[in-house]
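S.K.: Model the structure of this input:
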Amino acid sequence: MYKKTAVIIGAGQMGRVFSELIDPNTVEITGYGDNDHRKWSDDGELRVMSVEEAVDTDPDMVLIGVAGISRADELKQQVISSGHSGPVISAAELRDMFDIRSRCMRQLAMRIESAGIP
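M.R.: Numbers count the residues shown, from 1 in each chain. Have a look, this model is predicted:
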């Protein structure tokens, strides 16, 4: 099965939560794009870069990880203006890719492990 690649535009709390809800068996998140240069970094698990750089990585799709509808629309236009011709999916459209049960189980397992519970 072919796994699609995606970048998430919005590296704040909402974008990070979205990345944890995406089913990793179907979609590989390859990085984040954000307009706030203070968030740009290669230090974390996934790179945070400018929106234009994120689009330049040529993902199969771009996910807009912000809550506000008007802000999501602005970012969608920015992504398209930056040259992305594939799907641009906003938060409201993401629910079909959410894997909430698996994510909750992974989060619970991480908490149990970090607490040292055998």
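
S.K.: which ones are touching the nearest residue to Val7 once chain neighbours are set aside?
M.R.: What sits nearest to Val7 in space, not counting adjacent residues and going by C-beta to C-beta, 6 or more residues apart in numbering, is Ala54, at 4.3 Å. To be clear about C-beta, it is placed using only N, CA and C from the backbone, and glycine gets the same treatment. By C-beta atoms under 8 Å, 6 or more residues apart in numbering, the contact list for Ala54 reads Val7, Ile9, Gly31, Tyr32, Gly33, Val62.

S.K.: Next SSE downstream of the helix or strand containing Ala54?
M.R.: Per DSSP states H and E, Ala54 falls inside helix 51-56. Counting by DSSP H and E, the next helix or strand C-terminal to helix 51-56 is strand 61-64.

S.K.: Would you mind listing the buried residues in that next one?
M.R.: When burial is assessed from 16 or more other C-beta atoms under 10 Å, strand 61-64 yields the following buried residues: Val62, Leu63, Ile64.

S.K.: Let's see that strand as CSV, backbone CA atoms only.
M.R.: Backbone C-alpha positions of strand 61-64 (Å, rounded to 0.1, in the frame of the first residue of the first chain) are rendered in CSV as follows:
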residue,chain,number,x,y,z
MET,A,61,-0.8,16.8,0.1
VAL,A,62,-0.7,19.8,2.5
LEU,A,63,-2.7,19.7,5.7
ILE,A,64,-3.7,23.0,7.2
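
S.K.: contact partners of it?
M.R.: Contact partners of strand 61-64, identified using C-beta under 8 Å, 6+ apart, comprise 4-10, 18, 22, 27, 29, 33, 54-55, 72, 75-76, 79, 84, 86-91, 94.

S.K.: buried subset of those?
M.R.: 5-10, 18, 22, 27, 29, 33, 54-55, 72, 75-76, 79, 84, 88-91, 94.

S.K.: can you give me the strands in this structure?
M.R.: Assigned by DSSP state E, the strands in the chain fall at 4-9, 27-33, 48-49, 61-64, 88-90.

S.K.: Tell me which other helices or strands the shortest one touches.
M.R.: Counting by 3 or more C-beta pairs under 8 Å, 6 or more residues apart in numbering; DSSP states H and E, the packing neighbours recorded for strand 48-49 are strand 27-33.
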